[in-house]
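Q: can you look at this prediction? I've put the sequence above it.
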Amino acid sequence: MDLGSIDHNLRRVLLIRRKALGDCLVTLPAVRQLARALPHAQLDLVVDKPFAELISLLVPEVTVIPWAPGKKEPWARSVWYRQLRSKGYDMVIDWLGNPRTALWTAATGAPLRVGYDLPRRRWAYNVRVPQNQHGDVHLRGFAGEAFLDPLRALGLEPDPWDTNPTPGPALKISEEKLNSGFRRWRDQCIVKSKTPIALMMSATWTAKAWPNKRIVELWQGLKAEGLTPILIPGPGDEAMEKVLRESLPSEAFAPPTSLLELADLLQLCAAFVGTDCGGRHLAAALGLPTVTLFGPTNSEGWNPNHPFHVSIKMDLDCLGCEFKTCPLPDRPCLENLPASIVKAGLECVLENMRK
């Protein structure tokens, strides 16, 4: 990394990356590069409270500040703003750029305030960065690379975006943080299994969901190849899991997992296959190769251009529409996506890993 013209005497820096887990994880390579550029500065990173413990393990270079979304009382808000002001931040980078985080940025009184050049928010920043957006929905390029733009605006020349450059276990998670039932299942069913493959088909949007019959076909096809596919249900997947259990054996499913348990499990897997969800971004952050099914979200915007990260999609004009509910009666982008293509994508990724 070229250190550029940034003031290397900055003492304290606030980084804001709230909201979705996937967005937060894709930002972390930029956070690491900034920490290397400012080795003597105190870097504080605000993330939503449910993610704080995991993010602390992934970027030990910074101090993670958990934000609890429930803090809506006027007295709690005033305490928060006073805390922001009292820290004496020299610089703020706001990677979210919503009205609330723009107010936070301004409240710090930091001499250097970096954020996106957006209507009704640009006033909070004195270093403005163009947003990675083309039109209403489409990203111009990969989001992780765009998250490096605030560093470029500061005069840095960051290295190209990357996740953890050394695949394999990257986190040391204390066994005390893991449920005893999860540990028993892991040690009995996963540690000794052959080529575990994480399958995570979570769909917070109905438009993202892959048909249950396709999931069953994929599991059966991978099992027939001698692999160990593991379906990992996420929050909100109860209805999908109930239907899948009618067609698949109990051994097909992981038990309910916390975020740390999910990270522990993913580190034991050879690859990840699933929808564009937070678990998929966590797998990539841990160095796993990924095979991702794309429909309403933009594959160019959310999938790194890398042979270890394959996107699977139909050739349709409506891809990347960002509709949470598909307006078409047959939802062609995912309803028509066969398991055989997804399986072939996984075989390609595993072959790339062996080279």
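A: Now that the structure is in, tell me what you want to look at.
Q: next, Lys242: secondary structure please.
A: helix (DSSP: H, G, I helix; E, B strand; the rest coil).
Q: and the gap between it and Ala106?
A: Counting by C-beta to C-beta, to the nearest Å, the separation of Lys242 from Ala106 is 48 Å. Heads up, the C-betas are built off the backbone N, CA and C, glycines and all.
Q: and if you look at Met200?
A: The spacing between Met200 and Ala106, counted by C-beta to C-beta, is 38 Å.
Q: repeat that for Ala37.
A: 24 Å.
Q: Phe272: how many residues sit nearby?
A: 26 (other C-beta atoms under 10 Å).
Q: can you give me the strands in the stretch 151-300 of the chain?
A: Per DSSP state E, counting those that start in this stretch, the stretch 151-300 of the chain carries strands over the ranges 196-200, 228-231, 271-275, 290-293.
Q: so which elements touch the second one?
A: I take that to be strand 228-231. Strand 228-231 sits against strand 196-200, helix 212-224, with contacts defined as 3 or more C-beta pairs under 8 Å, 6 or more residues apart in numbering; DSSP states H and E.
Q: on that earlier part again, out of the strands of the stretch 151-300 of the chain, which is the most enclosed?
A: When you average the neighbours per residue for each of these (mean count of other C-beta atoms under 10 Å), strand 290-293 leads with a mean of 27.
Q: average pLDDT for it?
A: The average pLDDT within strand 290-293 is 94.
Q: run me through the strand neighbours of it, direction for each.
A: strand 271-275 (parallel), strand 309-312 (parallel) (DSSP bridges).
Q: between those strands, which gets nearest to Met91?
A: Taking C-beta to C-beta as the criterion, strand 309-312 is the member of the strands paired with strand 290-293 that comes nearest to Met91, at 31.6 Å.
Q: and the contacts of the helix or strand following that closest one?
A: Later in the chain than strand 309-312, the nearest helix or strand by DSSP states H and E is helix 332-335. Defining contact as C-beta atoms under 8 Å, 6 or more residues apart in numbering, one finds that helix 332-335 is touched by 207-211, 293-296, 313-314, 316, 318-319, 326.
Q: switch to 6 Å and redo it
A: Helix 332-335 is contacted by residues 210-211, 295, 314, 316, 319 when judged by C-beta atoms under 6 Å, 6 or more residues apart in numbering.
Q: and that helix, how far out from the chain middle?
A: 23 Å (C-alpha atoms, centre = their mean, to the nearest Å).
Q: what comes up buried for it?
A: 333-335 (16 or more other C-beta atoms under 10 Å).
Q: okay, now the unreliable bits of the stretch 201-350 of the chain?
A: Along the stretch 201-350 of the chain, the model assigns pLDDT under 70 to no residue.
Q: rerun that using 80 as the cut-off
A: 299-301, 305 (pLDDT under 80).
Q: please apply the same query to the stretch 51-200 of the chain.
A: In the stretch 51-200 of the chain (pLDDT under 80), the answer is 69-77, 132-141, 162-170.
Q: so which residues of it form helices?
A: For the stretch 51-200 of the chain, the helices defined by DSSP state H, counting those that start in this stretch cover 74-86, 99-108, 143-146, 149-153, 180-185.
Q: possible to save the helices and strands packed on strand 228-231 as TSV with distance to Phe142?
A: Below are these laid out as TSV (distance: least, C-beta to C-beta, whole Å):
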stretch	distance to Phe142
strand 196-200	21
helix 212-224	26
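Q: deepest-packed of the ones you listed, please.
A: Among those, highest average neighbours (mean count of other C-beta under 10 Å) belong to strand 196-200, with a mean of 23.
Q: distance from the chain centre to that one, please.
A: For strand 196-200, the distance to the chain centre is 17 Å (C-alpha atoms, centre = their mean).
Q: how big is the angle separating that strand from strand 271-275?
A: Per axes from the mean of the first three to the mean of the last three C-alpha atoms, to 10 degrees, the angle that strand 196-200 makes with strand 271-275 is 20 degrees.
Q: and strand 196-200, what does it pack onto?
A: strand 228-231, strand 271-275 (3 or more C-beta pairs under 6 Å, 6 or more residues apart in numbering; DSSP states H and E).
Q: quick one: that strand to helix 212-224, angle?
A: Using the same axes, to 10 degrees: strand 196-200 against helix 212-224 is 180 degrees.
Q: run through who's touching strand 196-200.
A: Residues contacting strand 196-200 (C-beta under 6 Å, 6+ apart): 190, 222, 227-232, 266, 268-269, 271-274, 279.
Q: ok, the residues you listed vs Arg18, which is closest?
A: For the contacts of strand 196-200, the nearest to Arg18 is Gly279 (19.1 Å; C-beta to C-beta).
Q: much appreciated, bye for now.
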